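Engineer: sequence below, structure please.
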Amino acid sequence: MERPIFPEHMFAEDFEYIYEPQEDTYALIDSVAQDIQLIKDYDPLVCLEVGCGSGAAITSLAKCLGPTTRLYLATDFNPRALTTTQKCCQVNGITDCTVQLVRNDLTQAIQTRLKHSVDLILFNSPYRRSEPAQVC
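Structural biologist: Numbering: from 1, shown residues only. Next up, the predicted model:
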């Protein structure tokens with residue numbers, strides 16, 4: 001699975017408002033890549049990224065699996081994360097399939113409508129760097 005690119009001149013301002021992809025994001029992408037054949041064999045129709053942030057994970061997945069009849073959903077509470085995810089998809093060539101963007105807290109707005117319908121969920125839980133004094 002290909003890691004997305006984030007040209008600095010296009011994303012520098014975005015990363016003032018959302019987390020820039022770090023090692024944890026790339027670890028998630030790499031772990032999905034290790035199971036990509038199993039995922040392709042399963043042929044998920046509805047793929048969801050909870051807390052999309054930069055859009056790196058859903059973009060990588062959509063680029064790898066392609067459009068067919070799949071529905072890609074990306075959720076985040078931060079509207080800037082959604083516009084950055086859209087930009088990430090465009091910059092990385094996701095033009096033949098669409099990632100639907102949903103502003104909500106985790107899965108609250110879609111939970112009832114998609115109950116038992118999501119085939120693949122990606123979730124890279126948010127974190128906040130702690131000062132050394134805050135770590136026990």
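Engineer: from residue 62, how far out is residue 114?
Structural biologist: For residue 114, the distance to residue 62 (Cβ to Cβ, to the nearest Å) stands at 18 Å. Every residue, glycine included, has its C-beta placed from N, CA and C.
Engineer: do residue 105 as well
Structural biologist: For residue 105 relative to residue 62 (Cβ to Cβ), the value is 23 Å.
Engineer: neighbour-wise, which of residue 114 and residue 62 wins?
Structural biologist: Between residue 114 and residue 62, residue 62 has the larger neighbour count (other Cβ atoms under 10 Å), namely 25 against 14.
Engineer: in what helix or strand does the more buried one lie?
Structural biologist: helix 56-65 (DSSP states H and E).
Engineer: which SSE is immediately downstream of that helix?
Structural biologist: strand 71-76.
Engineer: could you dump the next helix or strand after that following strand to PDB, C-alpha only?
Structural biologist: Sequence-wise, the next helix or strand beyond strand 71-76 is helix 79-91, with elements assigned using DSSP H and E. The C-alpha atoms that make up helix 79-91 are tabulated as PDB, following Å, rounded to 0.1, in the frame of the first residue of the first chain:
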ATOM      1  CA  PRO A  79     -14.000  20.500   9.800                       C
ATOM      2  CA  ARG A  80     -10.400  21.400   8.800                       C
ATOM      3  CA  ALA A  81      -9.600  17.700   9.000                       C
ATOM      4  CA  LEU A  82     -12.300  17.000   6.500                       C
ATOM      5  CA  THR A  83     -11.100  19.500   4.000                       C
ATOM      6  CA  THR A  84      -7.500  18.300   4.500                       C
ATOM      7  CA  THR A  85      -8.700  14.700   3.800                       C
ATOM      8  CA  GLN A  86     -10.400  15.900   0.600                       C
ATOM      9  CA  LYS A  87      -7.200  17.600  -0.400                       C
ATOM     10  CA  CYS A  88      -5.100  14.600   0.400                       C
ATOM     11  CA  CYS A  89      -7.300  12.400  -1.800                       C
ATOM     12  CA  GLN A  90      -7.000  14.900  -4.700                       C
ATOM     13  CA  VAL A  91      -3.300  15.400  -4.400                       C
END
